[in-house]
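> For reference, the sequence and a predicted model appear below.
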Amino acid sequence: MSRSLGVAALAAAGFAWWEGGLRQSSLAAHSGILVAIGLAFAVTFVAGRGRQQVRSLAWASGPWALRRHWAEDPPGTLGATLWAILTLAVIGWDLNSFAHESRDLPTLSRIFGHLTSSHVGRAAAVAAWLALGATIALGWRRDR
């Protein structure tokens, strides 16, 4: 692991622990997350500059050409399709739970509310969120 990557991981862990200690509805908690999102966009732009195999517009419109993607990369296409289906299923489940407002259909907010009711739980949720963001921001932009 390079030194800068180690420093970034340590900073992310410290940020997650600090963020976990804040009250969920505090201005500092919301501001911290907003700064983290801004940094993720900046890192994505800087780290990805000149490394993309295709231009952004072609990349954004590319997933709709499913047959072409399947011919080029069947496992990648299957993985992306399964993630899209899973995401849509979770969103549909949550919308259904909110629409019926039933205790039998828990919402994601209620499920995560139990996890994030403690300092350690909030810190773990922020750390997982940062790790997912780093994977999305940097994972597809590495040299092949």
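Looks like it came in fine. Keep in mind it's a predicted model, so treat the numbers as computed, not measured. Numbers count the residues shown, from 1 in each chain.
> Contact partners for Trp17?
Ala123 (C-beta atoms under 8 Å, 6 or more residues apart in numbering). Using the backbone N, CA and C atoms, a C-beta is placed for each residue, glycine as well.
> I'd like the average pLDDT over the strand or helix carrying it.
Here Trp17, judged by DSSP states H and E, is contained in helix 3-20. Regarding helix 3-20, the rounded mean pLDDT is 85.
> Just the buried positions in that helix, please.
Under the neighbour-count criterion of 16 or more other C-beta atoms under 10 Å, helix 3-20 has Ala12, Phe15, Ala16, Trp17, Glu19, Gly20 buried.
> By mean pLDDT, point me to the weakest helix or strand of this protein.
helix 56-61 (a mean of 67; mean pLDDT, DSSP states H and E).
> buried ones in the lengthiest helix in the chain?
Counting by DSSP state H, the longest helix found in the chain is helix 74-100. Along helix 74-100, these residues count as buried under the neighbour rule (16+ other C-beta under 10 Å): Thr77, Asp94, Ser97.
> how about those in JSON lines, adding pLDDT and distance to Leu27?
Shown next, in JSON lines, are the buried residues of helix 74-100 (pLDDT from 0 to 100; distance: C-beta to C-beta, whole Å):
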{"residue": "Thr77", "pLDDT": "77", "distance to Leu27": "43"}
{"residue": "Asp94", "pLDDT": "79", "distance to Leu27": "26"}
{"residue": "Ser97", "pLDDT": "76", "distance to Leu27": "29"}
